[in-house]
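>>> predicted coordinates and the sequence they were generated for:
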Amino acid sequence: MDLLDTFFNVAVLRRSLPMLLDGLVLTLQLGAASIVAGLALGLIVALLGLYAVKPVRILMRLYIDIFRSIPLLVLLIVVYYALPFVGLRLTSFASAMAALTLVSGAYTAEIFRAGIQAIPHGQFEASAALGLNQRQTMVDVILPQAVRIVIPPLTNNSINVIKDTALASVVAMPDLLKQATQAQALTANPSPLIGAALIYLAFLWPLVLFVSYLERRYSKGRSA
Amino acid sequence: MSGYVSIRGLRKFYGTFQALHGIDLDIAKGEVVCIIGPSGSGKSTLIRCINRLEDFDPSGEIRVDGTAVVPGKALAKVRAEVGMVFQGFNLFPHLSVRDNVMLAPRRVRGTSRADAAKLADRLLTRVGIAEQADKFPQHLSGGQQQRVAIARALAMEPQVLLFDEPTSALDPEMVGEVLDVMKALAGTGVTMIVVTHEMGFARQVADRVIFMDGGEVIETGTPKQVLEHPTESRTRNFLGAVLNH
Ligand SMILES: Nc1ncnc2c1ncn2[C@@H]1O[C@H](COP(=O)(O)OP(=O)(O)OP(=O)(O)O)[C@@H](O)[C@H]1O
Ligand SMILES: [Mg+2]
């Protein structure tokens, strides 16, 4: 009974719910914006990394390796606290989105590269023999096939991006986690934290199940 | 005199390995040429150089209808006029049979959707699979897939058609239907260059047979000359081995 009052206090939860929902909206906005920007960035980086002139290819390789190595929290703090020293002052939302996009873009680029390279060479040759140029080959032949391959890992990456939005609370962005910690301070009760955890679960668990479903479906499709 | 397809001093290196040792060849407009030879003799490499799916040594030269096959605008023009049919079909699995045939005319020639669809249905009728137009390639038999691939190549109204062992990946009972389509094509004025192990087809359809070995043209002549009265011992050995199979 005591435990329930401490960790799952309904009155406290009800009182903090509006704050949590405000935070949730911001979390979802940040997540969605970073996912979309990361997809665009990743696709461009993947294509440049495969087909551009050598120096550009090397640059893309460097970008991918660096941003897959750097801890997101470190990157976020550098963007928010260090860049102002060179005159670049971003809001907490912009900082978080920049950091999330840069890292997601690196992972996404790897996913797209693997997807494109999984397309049999004969598809490129048939396209070339028909007279399609490189852009037409990509748009009409290769990418539509690669998309099927990359959807499960891209969905997985999107889950990671949404989870990582919680780090934005360290740069004072009032996301779901930040709102929960503030509600906890206001009410002197940890129930809002439990509430936030449950909300994260409610959003991400279905996505995790969806990825498993996709992986099952696409692996079946390939062996059939 | 140089041919419609003219090949001069063609050399091809894979790293330090030389796959083609200076090929000279002229092929006339409308001619049907069959290329035979043992595995690894450079048959595929040779025809893949004609539309430059393979780069080749710049000391040599290939021209199609007078246009040098070099990277750039000229290559786009050559590829639009040279069709290719592959051993493994290489159909586009995400597109229906009709869309496979329509894609190149739409994108390369800018043909309208309606006109391209009409063209596709006419060509699919010609290769005998009009009723499969809405299916996806993977739901067709190998022989049907290869006929779609031929229709897809024909959609660009090519002057030259390259075939790289078009029946080698097929179950024996499907070889005939593909060869029949190719025989019908041979009378239409399109230039055909066919790498094949089908000696019957070569004998019956080819204007000229070319025997290659070790990256060189060893012997060339009418089917009768090369297949029945070969003058080179390497040709005789190869034919002996093939015909005893
Ligand atoms: N991508 C490649 N890299 C290295 N060597 C290659 C490559 N492609 C072909 N070769 C070599 O070049 C030579 C000619 O190959 P090619 O495929 O043209 O022979 P082919 O006459 O078509 O043989 P097959 O009847 O087996 O198809 C072979 O020795 C082959 O091993
Ligand atoms: Mg070959």
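The structure has been received and is ready for your questions. Ligands and ions are numbered 1, 2, ... in the order given.
>>> quick one: strands adjacent to the host helix or strand of B:Glu219?
Using DSSP states H and E, B:Glu219 sits within strand B:216-221. Sheet partners assigned to strand B:216-221 using DSSP bridges are listed as strand B:208-213 (antiparallel).
>>> can you confirm whether the partner strand lies near ligand 1?
No - Strand B:208-213 lies apart from ligand 1 when judged by C-beta under 6 Å from any ligand atom; the minimum separation is 6.7 Å. Just so you know, the C-beta spots here come from the backbone N, C-alpha and C atoms, and that holds for glycine as well.
>>> just how off-centre is that strand within its chain?
Put simply, strand B:208-213 sits 14 Å off its chain's centre (C-alpha atoms, centre = their mean, to the nearest Å).
>>> B:Met192: what's it in contact with?
By C-beta atoms under 8 Å, 6 or more residues apart in numbering or on different chains, the residues touching B:Met192 are B:Glu31, B:Val32, B:Val33, B:Val160, B:Leu161, B:Phe163, B:Met182, B:Leu185, B:Ala186.
>>> burial count for the closest residue to B:Thr231 other than its chain neighbours?
With C-beta to C-beta, 6 or more residues apart in numbering or on different chains as the criterion, B:Thr231 has its nearest non-adjacent residue at 6.5 Å, and that residue is B:Glu219. Per other C-beta atoms under 10 Å in any protein chain shown, the neighbour tally for B:Glu219 reads 20.
>>> so what pairs up with B:Glu219 in the strands?
Counting by DSSP bridges, B:Glu219 forms beta bridges with B:Phe211.
>>> ok, it touching B:Thr235?
Yes - contact criterion C-beta atoms under 8 Å: B:Glu219 and B:Thr235 qualify, at 4.9 Å.
>>> the strand holding B:Glu219 near ligand 1 anywhere?
No - residues of strand B:216-221 are not located near ligand 1 by C-beta under 6 Å from any ligand atom, the shortest gap being 11.4 Å.
>>> quick one: buried residues of that strand?
The neighbour-count check on strand B:216-221 (16 or more other C-beta atoms under 10 Å in any protein chain shown) flags B:Val217, B:Ile218, B:Glu219, B:Gly221 as buried.
>>> local confidence estimate at the third one?
At B:Glu219 the predicted local confidence, pLDDT, stands at 96.
>>> what's the helix ranked longest in chain A packed up against?
Taking DSSP state H as the criterion, chain A has its longest helix at helix A:10-51. Under the contact criterion of 3 or more C-beta pairs under 8 Å, 6 or more residues apart in numbering or on different chains; DSSP states H and E, helix A:10-51 touches helix A:54-69, helix A:92-117, helix A:143-164, helix A:176-187, helix A:191-223.
>>> for chain B, what lies in contact range of chain A?
Residues of chain B that fall close to chain A, judged by C-beta under 8 Å from any C-beta of the partner chain: B:51, B:53, B:76, B:79-80, B:82-84, B:86, B:88, B:90-94, B:103-104, B:107-108, B:152-153, B:156, B:162.
>>> coming back round to it: and the residue nearest to B:Thr231, how far from B:Asn244?
19 Å (C-beta to C-beta, to the nearest Å).
>>> nearest to chain A, of the buried residues of strand B:216-221?
B:Val217 (23.3 Å; C-beta to the nearest C-beta).
>>> what about residue 92, neighbour count?
In the absence of a named chain, chain A is used. Using other C-beta under 10 Å, A:Ser92 has 20 other residues around it.
>>> meant chain B actually
For B:Phe92, the neighbour count with other C-beta under 10 Å is 22.
>>> so it is in contact with B:Met102, correct?
No - the criterion here is C-beta under 8 Å, and B:Phe92 misses it with B:Met102 at 10.7 Å.
>>> just to revisit the earlier point, Throw the contacts of B:Met192 into TSV and include secondary structure, thanks.
Listed next are these as TSV, based on DSSP: H, G, I helix; E, B strand; the rest coil:
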residue	secondary structure
B:Glu31	coil
B:Val32	strand
B:Val33	strand
B:Val160	strand
B:Leu161	strand
B:Phe163	strand
B:Met182	helix
B:Leu185	helix
B:Ala186	helix
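>>> can you put those residues in JSON lines and add distance to B:Gln18, neighbour count and pLDDT?
Shown next, in JSON lines, are those (distance: C-beta to C-beta, whole Å; neighbours: other C-beta atoms under 10 Å in any protein chain shown; pLDDT from 0 to 100):
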{"residue": "B:Glu31", "distance to B:Gln18": "28", "neighbour count": "19", "pLDDT": "96"}
{"residue": "B:Val32", "distance to B:Gln18": "29", "neighbour count": "23", "pLDDT": "97"}
{"residue": "B:Val33", "distance to B:Gln18": "23", "neighbour count": "22", "pLDDT": "98"}
{"residue": "B:Val160", "distance to B:Gln18": "26", "neighbour count": "22", "pLDDT": "97"}
{"residue": "B:Leu161", "distance to B:Gln18": "28", "neighbour count": "22", "pLDDT": "98"}
{"residue": "B:Phe163", "distance to B:Gln18": "25", "neighbour count": "26", "pLDDT": "98"}
{"residue": "B:Met182", "distance to B:Gln18": "31", "neighbour count": "24", "pLDDT": "97"}
{"residue": "B:Leu185", "distance to B:Gln18": "33", "neighbour count": "20", "pLDDT": "96"}
{"residue": "B:Ala186", "distance to B:Gln18": "33", "neighbour count": "20", "pLDDT": "94"}
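>>> make a markdown table from those residues and add distance to B:Ala117 to it.
Compiled in a markdown table, the contacts of B:Met192 are given as follows (distance: C-beta to C-beta, whole Å):
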| residue | distance to B:Ala117 |
| --- | --- |
| B:Glu31 | 32 |
| B:Val32 | 30 |
| B:Val33 | 33 |
| B:Val160 | 25 |
| B:Leu161 | 23 |
| B:Phe163 | 26 |
| B:Met182 | 25 |
| B:Leu185 | 22 |
| B:Ala186 | 27 |
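>>> with respect to B:Arg203, which of those residues is nearest?
Nearest to B:Arg203, judged by C-beta to C-beta, of the contacts of B:Met192 is B:Val32 at 11.8 Å.
>>> so what's the closest one up against?
B:Val32 makes contact with B:Ala186, B:Thr191, B:Met192, B:Val194, B:Val205, B:Ala206, B:Asp207, B:Arg208 under the criterion C-beta under 8 Å, 6+ apart.
>>> next up, phi/psi of B:Pro158, please.
phi -70, psi 150 (degrees, to the nearest 10).
>>> can you check A:Ile119 too?
Taking degrees, to the nearest 10, you get phi -80, psi 130 for the backbone angles of A:Ile119.
>>> ok so, going back, so of the contacts of B:Val32, which two are at opposite extremes in space?
Spatially, the most separated pair among the contacts of B:Val32 is B:Thr191 and B:Val205, at 13.1 Å (C-beta to C-beta).
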